[in-house]
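J.: sequence unknown, structure follows:
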Ligand code: SF4
Ligand code: SF4
């Protein structure tokens with residue numbers, strides 16, 4: 001699958017993502033760490049867990065430096081892919 005994203009899949013961004021996705025209530029409630037791609041959904045695309053099986057408990061992305069530095073919008077990349085929720 002080709003995933004269109006301007007966000008780099010690099011260690012610096014992964015570290016930012018760990019601070020924000022791993023503490024996100026949606027991430028924790030739905031145990032998204034157990035399913036690929038596990039992290040950096042804004043770069044790697046949505047979780048392999050089907051979106052209808054993910055309960056929305058909120059999104060930390062707008063506070064993440066990767067979100068801000070890359071001028072992202074939408075959030076909830078784990079559910080909706082690199083474009084985020086529109
Ligand atoms: S914007 Fe969201 S998905 Fe992307 S690195 Fe930050 S917390 Fe992770
Ligand atoms: S993409 Fe947003 S909603 Fe999904 S786990 Fe990361 S912070 Fe939470």
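T.: That came in fine, so what should we check first? Computed from a predicted model, the values in this text were never measured in an experiment. Ligands and ions are numbered 1, 2, ... in the order given.

J.: Show me what from this protein comes close to ligand 1.
T.: By the rule C-beta under 6 Å from any ligand atom, the part of the chain lying against ligand 1 is 13, 16-17, 20-21, 40-42, 60-61, 64, 66-67, 72, 77. In short, each C-beta sits where N, CA and C put it, glycine included.

J.: How about residues contacting the helix or strand containing residue 26?
T.: Using DSSP states H and E, residue 26 sits in helix 25-29. Contacts to helix 25-29, defined as C-beta atoms under 8 Å, 6 or more residues apart in numbering, come from residues 21-22, 32-33, 54-59, 76, 78-79.

J.: Now with 10 Å, please.
T.: By C-beta atoms under 10 Å, 6 or more residues apart in numbering, the surrounding residues in contact with helix 25-29 are 20-22, 32-33, 38-39, 41, 47, 54-60, 75-76, 78-79.

J.: so after that helix, what's the next helix or strand?
T.: Following helix 25-29 in sequence order, the next helix or strand is helix 41-44 (DSSP H and E).

J.: roughly how far out does that following helix sit from the chain middle?
T.: Relative to the centre of its chain, helix 41-44 is centred 6 Å away, using C-alpha atoms, centre = their mean, to the nearest Å.

J.: Output the contacting helices and strands for the helix or strand following that helix.
T.: Downstream of helix 41-44, the first helix or strand assigned by DSSP H and E is helix 65-69. When contacts are defined as 3 or more C-beta pairs under 10 Å, 6 or more residues apart in numbering; DSSP states H and E, helix 65-69 packs onto helix 11-20, helix 41-44.

J.: Can you flag the buried ones in the contacts of helix 25-29?
T.: The neighbour count (16 or more other C-beta atoms under 10 Å) marks 20-21, 32, 38-39, 41, 47, 54, 59-60, 75-76, 78-79 as buried among the contacts of helix 25-29.
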